[in-house]
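In: sharing a model that was predicted from the sequence below.
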Amino acid sequence: MKLASFLVDGQERFGFVLLHPVTGDELLVEPGKAEKDIIHYAVSKTSGYQFSVPRFLSPKHWPLTMHGFLELGEEGMDTLRKLVSFTERFVEQSDGFSVLARAGHLLKDVKLLPPVPEPRLLLGIVGNCPGFSRNHVNIRHINLIPQAHQRHLGSAIGNGEPFVIRRPKGRSVSMSFNAELGVIIGKAGKDIPVEEAMSYVAGYTVVTDTAHGYYNVDYGEMSKHSDPISIMAYGWTHKNTDISCAVGPYLVTKDEVGHPYDLMLYSRTNGMLRDRANTCSTLVGVERTIAYFSSFMELLPGDVIHMGANGKDGIGIDMDHHVGCETIEVECEIEKLGVLRNTVTYLDDEEIEEKRSEISASTPMKAEEWSLGKARNFVITYANTQASVLDHGCQASPIPRYLWSVASALSSRTSYLPDEKEELYVTAEIAVVIGKTIKWADKENLSDCILGYLPLVSVTDKRLSQQVIHPALARESEMPEIYARWADGCNMTCDAVTPLSKDELAQMTVFLEIDGERVMDAKYEDYICKAEDVIEMIGYGSTLFAGDVISLGGLCAPVVIPSGHTAVRIAMKSSGMPDLSLALQ
């Protein structure tokens, strides 16, 4: 089956693809309306279905959106497959008009969305084809561990939508892209065995992965840092921007695709071939990737993982030098999955200022309205105090190092159940909560964009790091430390936000206690980059939504709790914010 999400009269809907019986045009058919119209036809006195009225999900109602449909799991997929098969025969043999007139929409008349609009998990795998290793003379072995960055809500666009690039007046801005295989999760799972991983896949899609170079315009000093955390944090700012990832046009179910490691990929600009590759050149496959990430966080229906470049990485686009047309159209095609087309548009300073004014007029959230469930995005800052800089083995930088995480890594619980066989690493941090939507941030106008602050305690272990075989590439060594912070609920905080003035922040002191013993003394002023600095950089290219949470990073190097721990109590105390207590069971 081919499934798609789309807009009808401004409302999000999902449907299956069916060819028009006369014109051959593609139609998107809404399952709920299709079943209702088939039943309406069947109960008429002369229909022939009087004693065997075809029913599929009825009397239950079909979900209206793809995400709702995927939450039905395998039963929902099987039921839809039966409905699609019946509808195809019904249109051929009976009254196609009675179904298609209401339930069907011509593809050309609707706006396609990503198959799963705004996926809460949008993981981009990097360095995942043989070329990365074959062309690196110092590599002697490969760690078959997926290396990935998380994209934020707001980064995904659908077929036909433009990539919008920020280009300050008179400056040149680069862009590059790749065609990548996208995997869409169909049911929830944790600790999934590699042998069962494919049963958690709903289907596949095309992903156009892009990187935009406009952070280099104002943050060019990033390139001077070559340590692992800087390479990831600074390098991936170019990928983790708004509308930087096109997904679609369809979710194509596994049965229609067959072998996922034998699909041709084509990348084009304005119809000109730029690259071709095959999914057989994938190092860490879908199965290993699903098993690995589910080992520390639950995967949910609608999560999307794109598997990395299979050919040339980073196909360049230069708006000032291209062949033939004034408009640049990026085209990515994967055999059996379809063609994904998007144009490239640039915004100059004046256009950005106009749009910034529109967003600034939005109504701020009130502190009493916020709870942890309102956080759509979670961002973690790294190496942001002198102690943390030493721990990461890097240099202090006035440019924030940050990476997007997943909101499921946040928790307001007061107890945590780690593996007692493992050493634990505890950090105390201060987090900031966004009060209203921020896009193309201006540091001078952020005062009403901060809702308040939270105490945050992170508890991690080294299990993922212990899987790395050394010597390893810098990113291979560092990524498991990043993933440890993505584990479900391992970042404990409050469910209420505290508004604080700049004077109160300047005087804030923070203490961390383990079983009543003070193990850390710090203050807010220890942060190299303050809240406004971090928000300004993130908001330079990415949208932050009201309720989002940004950790300003560890105030100290992690405190080690030895293995064999039992009933350990952790307390974070700070002036101006509520105390945070946590019991390790």
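Out: Now that the structure is in, tell me what you want to look at.

In: so where is the stretch 401-550 of the chain shaky, pLDDT-wise?
Out: For the stretch 401-550 of the chain, applying pLDDT under 70 flags the ranges 419-420.

In: can you give me the strands in it?
Out: 401-404, 410-411, 415-416, 424-434, 450-460, 491-493, 509-514, 517-523, 549-554 (DSSP state E, counting those that start in this stretch).

In: and the stretch 1-150 of the chain, by the same measure?
Out: 2-8, 11-19, 26-29, 104-106, 111-113, 122-126, 147-150.

In: residues near the closest residue to residue 70 other than its chain neighbours, how many?
Out: Spatial nearest neighbour of residue 70, excluding adjacent residues (C-beta to C-beta, 6 or more residues apart in numbering): residue 301 at 3.7 Å. (Each C-beta comes from the backbone N, C-alpha and C, glycine too.) Residues within reach of residue 301, counting by other C-beta atoms under 10 Å, total 23.

In: quick check: residue 301 is in a helix.
Out: No. Read with DSSP: H, G, I helix; E, B strand; the rest coil, residue 301 is coil and lies in no helix.

In: residue 77 is in contact with that one, correct?
Out: No. Using C-beta atoms under 8 Å, residue 301 is not in contact with residue 77; the gap is 10.5 Å.

In: beta-bridge partners for the residue nearest the centre of the chain, please?
Out: Taking C-alpha atoms, centre = their mean, the centroid of the chain lies closest to residue 122, which sits 2.7 Å from it. Note on residue 122: beta-bridge partners residue 304, judged by DSSP bridges.

In: pull the contacting residues for it.
Out: By C-beta atoms under 8 Å, 6 or more residues apart in numbering, the contact list for residue 122 reads 150, 151, 152, 155, 156, 245, 303, 304, 306.

In: all strands of the stretch 201-350 of the chain, in order?
Out: 201-212, 245-253, 264-269, 272-278, 304-306, 315-317, 329-334, 338-347.

In: between the ones you listed, which one is nearest to residue 4?
Out: Closest to residue 4 of the strands of the stretch 201-350 of the chain is strand 245-253 (C-beta to C-beta; 5.1 Å).

In: what's stretch 57-69 in contact with?
Out: 3, 5, 11-14, 30-32, 35-36, 39, 71-72, 76, 79-80, 83, 115-117, 251, 301-302.

In: of these, just the buried ones, ChimeraX syntax please.
Out: A single ChimeraX command selects the buried members of these (16 or more other C-beta atoms under 10 Å):
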select :3,5,12,13,14,30,31,32,35,36,71,72,76,79,80,83,115,116,117,251,301,302
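
In: who touches both of residue 301 and residue 77?
Out: Common neighbours of residue 301 and residue 77, counting by C-beta under 8 Å, 6+ apart, are 186, 202.

In: chain neighbours aside, what residue packs nearest to residue 397?
Out: Nearest non-adjacent residue to residue 397, counting by C-beta to C-beta, 6+ apart: residue 225, 6.3 Å away.

In: quick one: which of the contacts of residue 122 is nearest residue 473?
Out: Distances from residue 473 to those, taken by C-beta to C-beta, are shortest for residue 150, at 19.9 Å.

In: show me the beta-bridge partners of that closest one.
Out: residue 123.

In: now do it, the pLDDT please.
Out: As predicted, residue 150 sits at a pLDDT of 95.

In: now do the contacts for it.
Out: By C-beta under 8 Å, 6+ apart, the contact list for residue 150 reads 121, 122, 123, 124, 240, 403, 404, 405, 406, 486.

In: distance of the second one from residue 313?
Out: I take that to be residue 122. The gap separating residue 122 from residue 313 is 19 Å, by C-beta to C-beta, to the nearest Å.

In: any stretches of this structure with poor pLDDT?
Out: Those would be 170, 217-218, 319-325, 353-361, 419-420, if you go by pLDDT under 70 across the chain.

In: C-alpha coordinates for stretch 337-355, CSV please?
Out: Extracted C-alpha coordinates of stretch 337-355, given in CSV (Å, rounded to 0.1, in the frame of the first residue of the first chain):
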residue,chain,number,x,y,z
LEU,A,337,9.0,4.6,-3.0
GLY,A,338,8.5,7.5,-5.4
VAL,A,339,10.0,10.9,-6.2
LEU,A,340,10.3,13.7,-3.7
ARG,A,341,10.5,17.2,-5.2
ASN,A,342,11.2,20.5,-3.4
THR,A,343,12.4,23.9,-4.6
VAL,A,344,14.9,26.1,-2.9
THR,A,345,14.0,29.6,-1.7
TYR,A,346,16.2,32.3,0.0
LEU,A,347,15.1,34.9,2.5
ASP,A,348,17.0,38.1,2.9
ASP,A,349,17.3,40.3,6.0
GLU,A,350,14.2,42.4,5.3
GLU,A,351,12.0,39.4,4.8
ILE,A,352,13.3,37.8,7.9
GLU,A,353,12.7,40.9,10.0
GLU,A,354,9.1,41.1,8.7
LYS,A,355,8.4,37.4,9.6
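
In: flag every buried residue along that stretch.
Out: In stretch 337-355, the ones that count as buried by 16+ other C-beta under 10 Å are 337, 338, 340, 341, 342, 344, 345, 346, 347, 352.

In: could you count how many residues lie near the closest residue to residue 104 other than its chain neighbours?
Out: Sequence neighbours aside, residue 27 is the residue nearest to residue 104 in space, at 4.2 Å (criterion: C-beta to C-beta, 6+ apart). Residue 27 sits with 21 neighbouring residues when counted by other C-beta under 10 Å.

In: swap in residue 229?
Out: For residue 229, the neighbour count with other C-beta under 10 Å is 23.

In: try residue 29
Out: Other residues near residue 29 number 21, with proximity taken as other C-beta under 10 Å.

In: returning to what we had before: between the contacts of residue 150, which sits nearest residue 454?
Out: Looking across these and measuring by C-beta to C-beta, the closest to residue 454 is residue 405, at 14.7 Å.

In: what separation do you get for the closest one and residue 215?
Out: 19 Å.

In: go ahead and confirm residue 467 touches residue 144.
Out: No. If you go by C-beta under 8 Å, residue 467 and residue 144 don't touch, sitting 9.7 Å apart.

In: going along the chain, name the helices of the chain.
Out: Per DSSP state H, the chain carries helices over the ranges 31-42, 66-70, 73-93, 96-103, 130-134, 215-218, 228-235, 254-257, 286-293, 349-360, 386-392, 474-484, 502-506, 531-541.

In: can you list the buried residues in the third one?
Out: It stands for helix 73-93. Buried residues in helix 73-93, defined by neighbour count with 16+ other C-beta under 10 Å: 76, 77, 79, 80, 83, 84, 87, 88, 90, 91.
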